[in-house]
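Asks: Let me see the structure of the following:
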Amino acid sequence: MRRFLGLMERPEKYGVLVVDDSAVMRRMITMLIEKDPKLWVMATAANGQEALDQLVELQPDLVTMDIEMPVLDGLTTLSHLMIHYPIPVIMLSSYTDEGSSPALAALSKGAADFFHKDALFQFPHNEQVEEEFLLRCHAAIEAKPFWKKLEQDELTNREFKLLLEFMTGCLVGENTIHEELNRTMRLMNGIYASVIKVNGQFMFMDFKGELFYRFGKSSQSFVGQPIDRVFQPENALKLNEQFQRAWDGEQCISFEMEWKKACFLLVLRPLRVNGVVKELIGVCFEVTDQKRMEEKVHFLLNHDQLTGLPNRNQLYDEMDRVNTLYDRFAVMYFNFDHFKLINDSIGHQKSNSLLQLFSRRLKRITDENTMIIRAGTDEFICIIGDASAEITYQKAQNLLDTIHAPVMLDGQEIHMTASIGISQYPGDHRDKEMLIRYAHMAMNIAKGDGGNRLQFYEPRFHEQIHRKLEIESRLRKAIERKEFLLHYQPILNGRDRVISGLECLIRWQSPELGRVSPAEFIPIAEETGLIHSIGEWVLLEACRQNKRWQDDGFPKIPIAVNLSTRQFNDGKIIERIENILNETGLEAEYLVIEITESMTMNKHHALALLRNLKKLGVSIAIDDFGTGYSSLSYLSELPIDKLKIDQSFVKGMNLHNVNASIVNTIITMAENLNLQVIAEGVEEEEECRLLLQYGCMTMQGYLFGHPMESVAVSELLAAERFV
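Replies: Take a look at the predicted model:
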């Protein structure tokens with residue numbers, strides 16, 4: 001087909017062959033490519049074999065090809081193309097990204113580029129990504145002269161074979177070599193050279209080819225000249241060393257040489273007369289493009305594509321390096337606290353931007369003895385050479401401070417913290433894998449203790465990890481075995497002590513483990529996803545109990561239920577709450593849903609969900625307010641009813657400390673936003689007095705009562721006030 005076109009005026013478009021096993025995908029790629037006025041799809045193929053069958057006739061300028069296909073997959077087809085018909089190929093896949101092993105394999109096999117289908121055909125479609133893909137198509141086509149030099153019509157299979165045989169030293173017969181190589185060098189844009197040795201100096205006797213423009217010299221300027229007169233000292237020394245090796249009898253020598261930022265491959269072979277070396281013959285090709293591709297592949301193999309940081313492929317090499325240089329080193333394993341929550345809140349794309357921002361910070365605190373490696377989504381490993389415990393502690397603290405400093409992302413100030421685990425060589429272990437495992441274990445302990453801290457490894461951690469696994473195992477059976485129960489803490493008026501609401505709190509009495517603290521099992525439930533079923537049980541039981549109290553004639557008061565991050569991001573949470581209200585018969589106005597500030601980081605998601613909650617008629621409270629860095633303008637946009645001041649500000653509050661000022665500011669802000677404010681964790685009469693003075697009437701805490709079972713609450717409701 002393309003040959004017939006060649007007899008006519010060539011169209012002002014580049015032809016593309018689209019190869020994909022999905023008919024829908026072939027159509028989508030075709031539609032996208034034909035948005036570009038300079039590209040047209042000549043044909044499509046459903047697998048690699050179909051593509052190869054059409055290729056010779058079509059002679060396309062570019063091939064786009066899926067990696068995963070039946071009959072003949074993309075990587076195998078690519079290998080055939082590079083050997084028999086070198087042409088620009090862009091590989092596509094839905095299952096791998098640009099840093100994955102298949103992508104790297106494609107690049108190493110000769111693909112011009114790689115593109116991720118999901119990025120290309122996301123919904124809603126992204127015009128910027130489409131434009132980038134089309135630009136990369138043009139870039140691949142523009143580089144076609146590099147591929148074309150390997151597929152000139154005059155270059156026969158016999159000549160390829162001749163060149164390869166020459167490079168492996170299989171040919172003898174000087175005349176044949178000279179005659180054929182002269183022709184081959186013209187076709188391959190290379191240089192052929194003949195070298196002799198006179199008075200101990202190597203000099204060129206013959207020098208032919210099409211590559212001299214890269215050296216800025218004519219071929220005649222090389223002939224008859226010693227090496228050190230035509231090359232700079234560094235290259236002259238290298239050439240003399242390699243020429244001497246060949247002269248000493250090595251059959252075939254290949255090496256690379258740099259010249260004016262270009263890279264050349266040279267291959268030498270000695271020619272003998274009566275067993276004595278009389279001459280060297282060599283060929284030279286420019287391999288700059290291939291070298292750059294190798295460097296790109298090497299970088300991709302050893303660096304994380306999102307952040308540019310070294311990846312796990314460098315981890316053990318770096319540990320070996322510092323172990324060779326120093327008698328001691330440290331391993332720090334760290335990740336961001338609550339990153340999944342943040343990712344769910346602000347979305348995957350913004351989370352990636354956040355990781356890039358922090359990675360740039362991390363790069364700034366590395367030095368020749370410190371390497372930071374991205375080990376997972378939000379997990380990093382830092383190797384510190386020649387590090388004492390004191391130096392390691394200082395570096396870890398510096399790392400915490402670096403991460404804790406706020407960042408601005410799309411106009412929103414975000415505060416992050418991290419948990420760091422540390423192991424030391426040789427004190428903790430001499431095995432690399434064990435050092436990493438111990439550092440990871442210490443990190444989990446730091447995270448379990450609240451995060452935003454560092455923790456050196458200790459042998460006792462093995463018991464704590466065992467405890468965590470045991471809790472997870474028992475937790476899975478706790479619901480069906482009815483091991484959970486709810487306690488209720490009164491919310492009341494601090495002046496007259498009349499109950500105005502209740503907050504329900506889950507408790508777990510395990511037959512095997514005894515009473516397990518919520519602080520211990522809730523994070524595990526969040527981590528494992530068990531929080532969905534546990535949280536739904538809490539909602540159902542709390543609403544059912546409140547309706548029971550109302551039916552028994554007690555005053556109608558709202559009951560507050562904490563919503564977990566996973567529940568908040570569950571697309572069916574509104575439906576679940578509505579079903580529970582209908583099932584229990586509790587009116588929506590007597591249910592308060594408590595969320596934390598951090599859950600609202602994804603503004604669009606949070607606004608939509610909170611508005612739907614308000615449509616149900618439930619009230620919404622921000623729990624632990626003051627710890628999540630919400631701005632006043634952002635807070636004013638949220639359809640909320642109440643702010644609950646975090647107990648860390650209330651505890652120990654008096655007229656002379658900063659906590660009192662913070663609490664007073666929050667109360668004033670809440671009044672300006674027409675929000676009810678509730679103080680948590682009130683334990684002292686002085687705290688109660690100050691809160692009343694600042695205008696906060698509603699409180700909860702041990703001063704008024706501990707969380708209690710429903711029977712005790714019934715007695716309090718009957719009395720209507722505390723004594």
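
Asks: Just after the helix or strand containing residue 30, pick out the following helix or strand.
Replies: Per DSSP states H and E: residue 30 is located in helix 23-33. Sequence-wise, the next helix or strand downstream of helix 23-33 (DSSP H and E) is strand 39-45.

Asks: which residues are in contact with that following strand?
Replies: Outside strand 39-45, the residues within contact range by CB atoms under 8 Å, 6 or more residues apart in numbering are 1-2, 11, 13-20, 26, 29-30, 33-34, 51, 53-54, 58, 60, 62, 134, 137. In this view, the C-beta of every residue, glycine as well, is placed from N, C-alpha and C.

Asks: That strand pairs with which strands, and in what direction?
Replies: Using DSSP bridges, the strands paired with strand 39-45 are strand 14-19 (parallel).

Asks: tilt between the strand it pairs with and helix 23-33?
Replies: An angle of 160 degrees separates the directions of strand 14-19 and helix 23-33 when computed by axes from the mean of the first three to the mean of the last three CA atoms, to 10 degrees.

Asks: Now strand 14-19: buried residues?
Replies: Using 16 or more other CB atoms under 10 Å as the test for burial, strand 14-19 gives 14-19.

Asks: now the residues you listed in a markdown table, with pLDDT and distance to residue 653?
Replies: Listed next are the buried residues of strand 14-19 as a markdown table, based on pLDDT from 0 to 100; distance: CB to CB, whole Å:
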| residue | pLDDT | distance to residue 653 |
| --- | --- | --- |
| 14 | 89 | 73 |
| 15 | 93 | 76 |
| 16 | 95 | 70 |
| 17 | 96 | 73 |
| 18 | 96 | 69 |
| 19 | 95 | 70 |
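
Asks: with those in mind, which one is nearest to residue 243?
Replies: Proximity to residue 243 was ranked across those by CB to CB; first place goes to residue 14, at 44.5 Å.

Asks: Tell me how many other residues crowd the nearest residue to the closest one once chain neighbours are set aside.
Replies: Using CB to CB, 6 or more residues apart in numbering and skipping residues adjacent in sequence, the residue nearest residue 14 is residue 61, 4.1 Å away. Neighbours of residue 61 under the rule other CB atoms under 10 Å: 20.

Asks: mind checking how far residue 61 is from residue 48?
Replies: Here the criterion is CB to CB, to the nearest Å. By it, residue 61 lies 19 Å from residue 48.

Asks: Spit out the contact partners of the residue at the greatest distance from the centre of the chain.
Replies: Outermost residue of the chain with respect to the C-alpha centroid, by CA atoms, centre = their mean, is residue 274; its distance is 63.7 Å. For residue 274, no residue meets the contact criterion (CB under 8 Å, 6+ apart).

Asks: picking that back up, show the buried residues in the contacts of strand 39-45.
Replies: Buried members of the contacts of strand 39-45, counted by 16+ other CB under 10 Å: 14-20, 26, 29-30, 33, 51, 54, 58, 60, 62, 134, 137.

Asks: ends of stretch 422-435, how far apart?
Replies: End-to-end distance for stretch 422-435, by CA to CA, to the nearest Å: 9 Å.

Asks: what's the spacing between that stretch and its chain's center?
Replies: Relative to the mean C-alpha coordinate of its chain, stretch 422-435 is positioned 27 Å out (CA atoms, centre = their mean, to the nearest Å).

Asks: and if you look at stretch 331-346?
Replies: Stretch 331-346 sits 12 Å away from the centroid of its parent chain (CA atoms, centre = their mean).

Asks: If you count contacts, what does the biggest helix by length in the chain end up packed against?
Replies: Taking DSSP state H as the criterion, the chain has its longest helix at helix 531-551. Here helix 531-551 touches strand 484-493, strand 499-510, helix 518-528, strand 559-562, helix 565-568, helix 573-584, strand 591-596, helix 710-719, going by 3 or more CB pairs under 8 Å, 6 or more residues apart in numbering; DSSP states H and E.

Asks: Now do the buried residues in the last one.
Replies: Right, helix 710-719. Neighbour-count burial for helix 710-719 flags 710, 713-714, 716-717 (criterion: 16+ other CB under 10 Å).

Asks: Only the C-alpha atoms, please, for that helix, written as PDB.
Replies: What follows is helix 710-719 as a C-alpha-only set of coordinates in PDB (Å, rounded to 0.1, in the frame of the first residue of the first chain):
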ATOM      1  CA  SER A 710     -26.900   2.400  79.300                       C
ATOM      2  CA  VAL A 711     -28.400   1.400  82.700                       C
ATOM      3  CA  ALA A 712     -26.400   4.100  84.500                       C
ATOM      4  CA  VAL A 713     -27.300   6.700  81.900                       C
ATOM      5  CA  SER A 714     -31.000   5.800  82.400                       C
ATOM      6  CA  GLU A 715     -30.600   6.700  86.100                       C
ATOM      7  CA  LEU A 716     -29.000  10.000  85.300                       C
ATOM      8  CA  LEU A 717     -31.700  10.900  82.700                       C
ATOM      9  CA  ALA A 718     -34.300  10.100  85.300                       C
ATOM     10  CA  ALA A 719     -32.700  12.500  87.800                       C
END
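
Asks: picking up where we left off before, and of the helices and strands packed on helix 531-551, who's closest to residue 253?
Replies: Comparing the helices and strands packed on helix 531-551 by their distance to residue 253 (CB to CB), the top pick is helix 518-528, with 58.6 Å.

Asks: which of the residues in the closest one are buried?
Replies: Result for helix 518-528 [16+ other CB under 10 Å]: buried residues 521-526.

Asks: and of those, the nearest to residue 434?
Replies: Minimum separation from residue 434 among these (CB to CB) is found for residue 524, which lies at 24.7 Å.

Asks: Strands along the stretch 101-250 of the chain, start to end?
Replies: Using DSSP state E, counting those that start in this stretch, the strands of the stretch 101-250 of the chain run over residues 113-116, 191-198, 201-209.

Asks: Neighbouring strands - and their directions - for the shortest one?
Replies: It refers to strand 113-116. When pairing is defined by DSSP bridges, strand 113-116 lines up against strand 89-93 (parallel).

Asks: So in terms of bridging, what pairs with the residue lying closest to residue 705 once chain neighbours are set aside?
Replies: Among residues not flanking residue 705 along the chain, residue 490 sits closest, at 5.2 Å (CB to CB, 6+ apart). Partner residues in beta bridges with residue 490: residue 502, with DSSP bridges as the criterion.
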